[in-house]
Structures are given as structure tokens and as C-alpha cells.
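Asks: my questions concern the predicted model and sequence given below.
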2 protein chains.
Amino acid sequence: MVAVDVANMDDWARRSAGLGVLKERFHNRFSDTASIREQHGHTTTWRANQAPDAVVFVQSEDEVIDVVRICAEHRLPIVPFGAGTSLEGQVNAPRGGVSLDMQGMDKIVAVSAEDLDCTVQPGVTRCRLNEHLRDTGLFFPIDPGADASLGGMVATRASGTNAVRYGTMKDNVLGLRVVMANGEVLTTARRARKTAAGYDLTRLMVGSEGTLGIITEVTLKLYGIPAAIAGGVCPFADIEGACNAVILAIQSGIPVARIELLDALQVKACNAYSKLALEERPTLFVEFHGTDASVAEQAEQFGEIAADLGGGAFQWARETEKRSALWQARHDAYWAALQLRPGASGVATDVCVPISRLADCLIETLADIEAARLLAPIVGHVGDGNFHVLPLIDIGNAEEVAAVERFLERLTERALAMDGTCTGEHGVGQGKTKYLERELGAPALATMAAIKTALDPQNILNPGKILAL
Amino acid sequence: MVAVDVANMDDWARRSAGLGVLKERFHNRFSDTASIREQHGHTTTWRANQAPDAVVFVQSEDEVIDVVRICAEHRLPIVPFGAGTSLEGQVNAPRGGVSLDMQGMDKIVAVSAEDLDCTVQPGVTRCRLNEHLRDTGLFFPIDPGADASLGGMVATRASGTNAVRYGTMKDNVLGLRVVMANGEVLTTARRARKTAAGYDLTRLMVGSEGTLGIITEVTLKLYGIPAAIAGGVCPFADIEGACNAVILAIQSGIPVARIELLDALQVKACNAYSKLALEERPTLFVEFHGTDASVAEQAEQFGEIAADLGGGAFQWARETEKRSALWQARHDAYWAALQLRPGASGVATDVCVPISRLADCLIETLADIEAARLLAPIVGHVGDGNFHVLPLIDIGNAEEVAAVERFLERLTERALAMDGTCTGEHGVGQGKTKYLERELGAPALATMAAIKTALDPQNILNPGKILAL
């Protein structure tokens, strides 16, 4: 290779030279064909596709280091790509550069059944990990619905249906290996269950959406598969009763594993899509984990609460298959909702409020949906105070887009006024940067920007995400 | 006040001027008397007292802002001081400056029983919070033994006996207000139970030991006081059996609330100090929380495990008073140990290893204690893999000090070789900076230093702690 004076090149020449070096280094694992590029700008979001200049398919940490060093030299943006299931434009490439496809880093490095932990490469998906673990009697509980990559789940601080009992990714990552913007490899922690050894670099990386480093190895907590699982569905006369049942269950300390709300419209969508015959009323999907005795006790306690609050006949799904079908329907709620208006785009929202305000927030939001004449089903991880309204709109209709943007503003302001957050679990990505300052204030944004600038002074790691840098 | 040209002063004159400004601002809540200064350099540690130049007793966030602005202008170090119960020299002032006594910021700002959370000023101690909460049926579980201030517990990422079930401070802080080095007030998060809104500034501050900002308000998770609590003690034939009982209990998923190990020497010390009559053998103190039925089930499961592994007769303490007496004895273990050699200093250690290595680590450590002829009882939060050896030495005897320093080296290396940490819960302070690079590597130290420099460019916030900056 001929030595090239990168420093004196203009922007276009320097970036082109960088792409050339990457192509030479990665051969057929470098692609700049339009379809591959577009596929990597695509996510399950209504945001416009912003394709990278090229995609590099890496297979090892050493290769990630090479990509980072080449991109740093040529000031090329790097956008990490896992399973492409993020919802806020996290994998879009608004400033071009390289999409770093991590799916080839898919080794399960170690499972320590004795320590209830495992170490995986970032491209391993949560379903594959759980298949691999099946014979050990252990499982990894965090379940955002999609079969996301574990690296992506770390990067976006994913949570989902099990979070009310098992926490979010923040609570379940023991340590990470991360390639930093300077090409060095950071180890954030050892494998001990707790540590007070300096700043919590693990938690700093969890939820950093690829803006502070590229995750190359993840050590996760595991849990014993519960001896007994009981679950079922319970329709309510109104959403207030359903919410109050959730609030009371949480306040009573029932260690519910999952407690999910579907509003009447979402139940209707699921009935059609997943061939169910549920009453089309606000409905809770619940699940309890434990021993036979404790599961029975939890179910009884919850049943009493539900009955007191207008809950209809509780339908238990004792068989694994029936229970799996119900949860599959819950996981397919997004796709089911889209079928309410074929061809429409779903605008994912993600507010989360203190649980005492959940009923208020949902009731006001339902009234707003009606007043704004939106078609917008609701699902919620209500045990955490987190719910998703999914307005279905014609993305080509400027009036509809404007109406939904006004709705998003009102929804966010409502949650913030209740001491909540604009994003319980989807992350900031491109869509919520504007809400972040309203939520946390200028000093928080300045602190985040100072950290970002200190660790990635050239701003090559997923630029334009989380912060408007 | 006359305008002073601080920029052109020499170091001594500038610092003196700063102390003068503080004295003028705080009058009788500014003190530079020797006894007050020494008291604020003193902690429960064997490290030499390093007194600050002065102590300021603040009563509000606005006052903290004033202190930070004055100290920033005059480049005076600021050392936050809570209850003075830290163990690694966190409140020492190796470079002089101001000890910022937070004990006057002791308001309980809000308790939301509905949301299971509360907001307190940093000087509130954990015991006072729990007294305040008693009538609500809620409690704050994190219990490091000492009646530490909650601000200090955040700053050092405290944990203690309940961590195996309720987590550490990292898991129980919902949000913070923090005065940054530039005098601005950072809000790290809203009160929602989960959030994906940008970098996890809450967790960055938890465990930062006063080096990144001064905590002025803490929002904490609370829990319902369990309907039933059962606990007791169980002696074992040897430490291996006790460890294996712990490991099996954790692996079996028994949601034990506390599981603490005392070695035979520590039991002897507690018998003498707390007037108990326990068998002087390795002993587990355990406690279960839940409903009547679940506590009974947990106790039965654990009893079977203990019996299989050489556990002797389990002594249950069903009455609250008897149980409190046992846990008081556990909490007084440090003071009891000191009485094994009156006049001696206790050198607190704090390694934590993956639980599968706990028995190995303890057995090797006991052999090392014997070979090195140390008097060194052991207590452990063994459910987390964390234990404390407390060598008792004559601090004036250079040979003894050298011997214990070699022992500390070996203990740390042993834990690191087992993928553990040099500090499970005490923090780095002054004592463990040298181990941090061995544990996490140069990139982790460089990352921490970059964050510190970005957020506190003048290095006025607790300099010389965690990092050798």
C-alpha cells in the first residue's frame, strides 16, 4: 500500500480513501452495493432510511479494532449494527460512513452454570442464547419482543416484558469489552457479582447506543428456569381498573414476572392477527415465576386484587403451549397493530411514568387519541409504568404526519409533567434528542456531551445519535 | 468585598484567599480549628489522618454551589463528608482544601408510598430514613452495617448484608441532584422506574466517591416490609461446607435476603463482645423475607442444603428481638474483632469473587493467614462472593505493617486470578488505586481519567481518590 497523506486531503477524498482501505482490508466482507447499504439503514421505524456509504461484516474483535483505526484516521463515521430491530433510528447513518455489521461475531464464549453467568459476542441473539442454555436449566430473562442481538440490547438498554421482575439490561450486564474510538480495548469489570472498583464503566456503556465505543463481548447474569410458571389473561371493565390492579399488585410486593396491558383496540388487533378469541376490552397478560407453592400464592393474591377492581374471569394458561401462544401474540402486537391499517406506518412511542400516575397518564392519552382522531393501539409494560402508543399513519400524508408529531409532543409533555421519561426502553436515537434537554435539563446534556467529546473527540462513533453533536 | 486578582496569586496566597472568602461567607459554619479539621480527616480506617485546611458545614444546595464556585476560583480541593464511616480514606484531605460537611442537609424531602420511592438530602442516615418510614410499611434495605449517610452510601456504591436480595446502591438509586465542578446542578434522571434517556449519569455518579460532583439530593427505591421474616444461625464443620451451602442456595434460586459468613475466630470475637454463646465454628447467619408460606418454604429448602453439607443444628430466631440481637452482633463484628487485640488497628479488606470460587478463595486465604501468622478474623457477604479479612496489627510496628501489606497484595492477586475484584463494596479511596489498573487494565484507567478531566478539569473534587490524579 502506498503511504497517503490523509491529513491534507479534503473531506470527500479522505473519506473515499478510507473506504478504499477498508475494501482492501475486508474484501468480500466489505460491501457498498445499494441494497446492502439500504438494508443496514433500515430499521423497524417510521424514520427515513439513511444508508451508510458501505457495510463491513466483522468476525472478531481484532477486525473491529482495524475498522475503528482506519475510520479514525479517515474520520469516517461508524454505525454499529446488530439485528436491526431498534426503533429510534439508532442504525441510520445520517452522516454516511460505515455500518459495522456485528452479526458474524456470534460465539457463545463461556457459560458458567455455577456462577449463573455467561459471556457472549455481541451478535448472539437472545433467542439463540436461550436455546443454547436450555440444557443447563438456566435462562436469560430480558425480552424486548424482537429477537434482538445482545450487543444491541446492551447498547440501547433494552428491557421488555420481564423487566418488572428481572430488571433491564442495566441490571443484567456484569461486564463488557468495548473497542474505544482510539482503537484500545476497554474491559469494564471482572466477573464478580458486585464491585466498587471505580467509575461504573459498565453502566456508562449500557444505553450509550454505539456513541462511546463498540461492544465486542458481553458478560450477562443468568437465572434458573423457574420450577413453576403460571400465567393468563384478565379482561377489565375499563383501563383504570386494569391500571389500578397493576399498581396494587406492585405495591403489595407480589413478585410478578410479567404484567402487560393491551387496550381494547390492541386486543382486537391481536385477535385478528394471532387468531385469538379474547374479549375486546382492556386486558392484562400476567405471569408468575417461582415454586409451585409460591406461584399459587401469587396467583391467588393477584386474582383477589383483579376481582376487586372489575377484572373479569381470569383465564389461566397452565399448559406451556397455550402460554407460549399468548405471549407470542403479545410479542406480535406490533405486527398485529400494523394490520389495523394495511400500508400504514407505526410510530412507536415509549413514555414511562411513576406507577402512581400510570392510570392518569393512560386515561388522558386515550382521550387525546380520540380527540386527535388517531388510530393508535396501546400496549404497556405497566408494572414499570411504561407504555407504547402506536399511532398508525400514512407517512406520505403531511397532515397526518404533522398531527402525529403534535400528539407526540403532548404525550411527552404529559409524561414529563408526571415526573416521567420520554423513553422507558427504546432509547434516544435520532428521534428523542429534542426531548432530552426538556427531561433532564441543560447540565445533563452538557455532561453527556463532555463525556462524549472526551472519549470520542473526532465524533466518529454513531454521530448524531442521543446528542445533537 | 474588594476585588482580588486571584489569577496572579501564588498557590499559597490563592488558597488562603479562598479560605478567607469561605470564612466570610459561612461565619460560624466555617471552622479551621485543629480538632474539627482532624475529626473530618478521621475515618474508620488504619490510614493516617490527613486533615483539610478547613471545614464548611452546609445546609442547602445553594450553599454547596457557593462553596464549589469559591473553591473553583481559588483552586481549593473539596472533600465531601457524610457520616465519616468510609473505610478507604475517602474523606482524607491529602492535598488540604475544604471538607464539606453535609450532615446539616438532613431533610427527608418526599416519600411516595404509592411509587415505593423517596427523595432525601444526602446527610440523612439510613437508620433515620427507616425510622421515618416505619409507619408507611416501607423500608430502605441497603445496610452496610454503619449508620452511614445516604449521600455517602451513593458516593461509595455501598451494599452490605441485604445486597444478595435487594442489590447495592447502584440498583436502588432512581436519580440524583449533583453540584458539578462548574457550580451547575445536574439532574441525572426523573422518577420513572426505568429509562433509556441517554447516558446513565445516575450510575456514573454512584461510586464516584465525590470526584465527579457533590450529591445534594437522592431519590431511592423503597420496598414493602416483608409480611414474614425468618432468620437464624447455622454452624458448619468447616468453611468449605459453609461456602458450598451458600453456593448451592444461590444456584437453587432461593431468594435469601441475607446470608453472612463468620469464621471461627470472628464467632469467638462476637461471643465475647456481644455476649452470645455460639459454637466457635464457621457459621452462617441467614434471613429470609416473604409471606409466611414462602419464608417457610425457603427456610426448609435451605435447611436441607445446610444439613447435607455438614451444617449443625439450625438455631432459628423467630422473635424480632432475638433476631435483632443476632444482626446487631453481626454489625458489631468490626468492633468485636478489634477487641481480639486491644489497641490494634484493623486493616479492612474487601475482595469479591465469582461465587464458584468463593470456597477456594477463602480456604487459600485462611492458609495464608496461618502461614503469615496474622490475627485476622473473616466476615463475608458470601451470597455475593464478597468477604472481609480484618488483620489486626500494631500500626507503629513497621514489620507488622510490611507483613500485612504483603498479605494484602497476595489476597488481591488471588481474587483477581479468580476473575474477582479488589473491592466489592468499600470503594477505591486512597488505598486501592494501585490495584485498579491490575484489575481493569490501562484503557479502563485512561477512560476514567478522561471522564474525570472532562467533568472536573481543575481536579478540585476530592483529588487523589480513585485515580492517582
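Replies: Looks like it came in fine.
Asks: confidence score at residue A:251?
Replies: Note for residue A:251: predicted pLDDT of 87.
Asks: give me the number of residues near it?
Replies: The local packing of residue A:251 (other Cβ atoms under 10 Å in any protein chain shown) involves 18 other residues. Quick note: C-beta positions are derived from backbone N, CA and C, even for glycine.
Asks: so how far is residue B:136 from it?
Replies: Per Cβ to Cβ, to the nearest Å, residue A:251 is found 11 Å from residue B:136.
Asks: packing partners for the longest helix along chain A?
Replies: In chain A, assigned by DSSP state H, the helix with the most residues is helix A:398-417. Under the contact definition 3 or more Cβ pairs under 8 Å, 6 or more residues apart in numbering or on different chains; DSSP states H and E, helix A:398-417 sits against helix A:358-371, strand A:392-393, helix A:433-440.
Asks: give the buried residues for it.
Replies: Residues of helix A:398-417 classed as buried by neighbour count (16 or more other Cβ atoms under 10 Å in any protein chain shown): A:400-401, A:403-404, A:407-408, A:411-412, A:414-416.
Asks: between that helix and helix A:433-440, how big is the angle?
Replies: 20 degrees (axes from the mean of the first three to the mean of the last three Cα atoms, to 10 degrees).
Asks: common neighbours of residue A:251 and residue B:136, please.
Replies: residue B:113 (Cβ atoms under 8 Å, 6 or more residues apart in numbering or on different chains).
Asks: where does the stretch 51-200 of chain A come near chain B, residue by residue?
Replies: Where the stretch 51-200 of chain A comes near chain B, counting by Cβ under 8 Å from any Cβ of the partner chain, the residues are A:112-117, A:156-157, A:159, A:163, A:167-168, A:170-171, A:180, A:184-200.
Asks: can we see that at 6 Å?
Replies: A:114-115, A:157, A:159, A:168, A:184, A:186-187, A:190-200 (Cβ under 6 Å from any Cβ of the partner chain).
Asks: same check on the stretch 251-400 of chain A?
Replies: For the stretch 251-400 of chain A, the residues in contact with chain B (Cβ under 6 Å from any Cβ) are A:253, A:293-294, A:297, A:352-356, A:384-385.
Asks: report the central residue of chain A.
Replies: Against the mean C-alpha coordinate of chain A, by Cα atoms, centre = their mean, the closest residue is residue A:158 at 3.8 Å.
Asks: what strand or helix carries residue A:178?
Replies: Using DSSP states H and E, residue A:178 falls within strand A:173-179.
Asks: try residue A:161
Replies: For residue A:161, there is no helix or strand it lies in under DSSP H and E.
Asks: coming back round to it: name the helices or strands packed onto the strand holding residue A:178?
Replies: The contact analysis (3 or more Cβ pairs under 6 Å, 6 or more residues apart in numbering or on different chains; DSSP states H and E) places strand A:173-179 against helix A:61-74, strand A:185-187, helix A:201-205, strand A:214-221.
Asks: is the third one anywhere near chain B?
Replies: Yes. Contact between helix A:201-205 and chain B, assessed by Cβ under 6 Å from any Cβ, occurs at A:203-204.
Asks: and that helix, average pLDDT?
Replies: Here the average pLDDT along helix A:201-205 is 98.
Asks: which stretches of the stretch 251-400 of chain A have low pLDDT?
Replies: For the stretch 251-400 of chain A, no stretch has pLDDT under 70.
Asks: sorry, back to before: now mean neighbour count too, for the helices and strands packed on helix A:398-417, in TSV please.
Replies: Formatted as TSV, these follow (neighbours: other Cβ atoms under 10 Å in any protein chain shown):
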stretch	mean neighbour count
helix A:358-371	18
strand A:392-393	22
helix A:433-440	18
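Asks: quick one: residue A:270 is in a strand?
Replies: No. Using DSSP: H, G, I helix; E, B strand; the rest coil, the assignment for residue A:270 is helix, not a strand.
Asks: what's the distance between it and chain B?
Replies: The gap separating residue A:270 from chain B is 24 Å, by Cβ to the nearest Cβ, to the nearest Å.
Asks: test my guess that that residue contacts residue A:334.
Replies: No. Residue A:270 is not in contact with residue A:334 according to Cβ atoms under 6 Å; the separation is 10.5 Å.
Asks: who's more crowded, the two?
Replies: Remark: of residue A:270 and residue A:334, residue A:270 carries more neighbours, 27 against 20, as counted by other Cβ under 10 Å.
Asks: got a list of what that one touches?
Replies: A:276, A:329, A:336 (Cβ atoms under 6 Å, 6 or more residues apart in numbering or on different chains).
Asks: helix, strand, or coil at the second one?
Replies: Reduced to three states with three-state DSSP, the structure at residue A:329 is helix.
Asks: what is the neighbour count of it?
Replies: By the criterion of other Cβ under 10 Å, residue A:329 has 22 neighbours.
Asks: OK, contacts around it?
Replies: A:270, A:274, A:276.
Asks: and the furthest pair within the residues of the stretch 251-400 of chain A next to chain B?
Replies: A:293 and A:353 (34.3 Å; Cβ to Cβ).
Asks: what about the two, which has more around it?
Replies: For residue A:293 versus residue A:353, the count of surrounding residues by other Cβ under 10 Å is larger for residue A:353: 29 against 15.
Asks: so what's that one closest to, chain neighbours aside?
Replies: The shortest distance from residue A:353 to any non-neighbouring residue, by Cβ to Cβ, 6 or more residues apart in numbering or on different chains, is to residue A:420 (3.4 Å).
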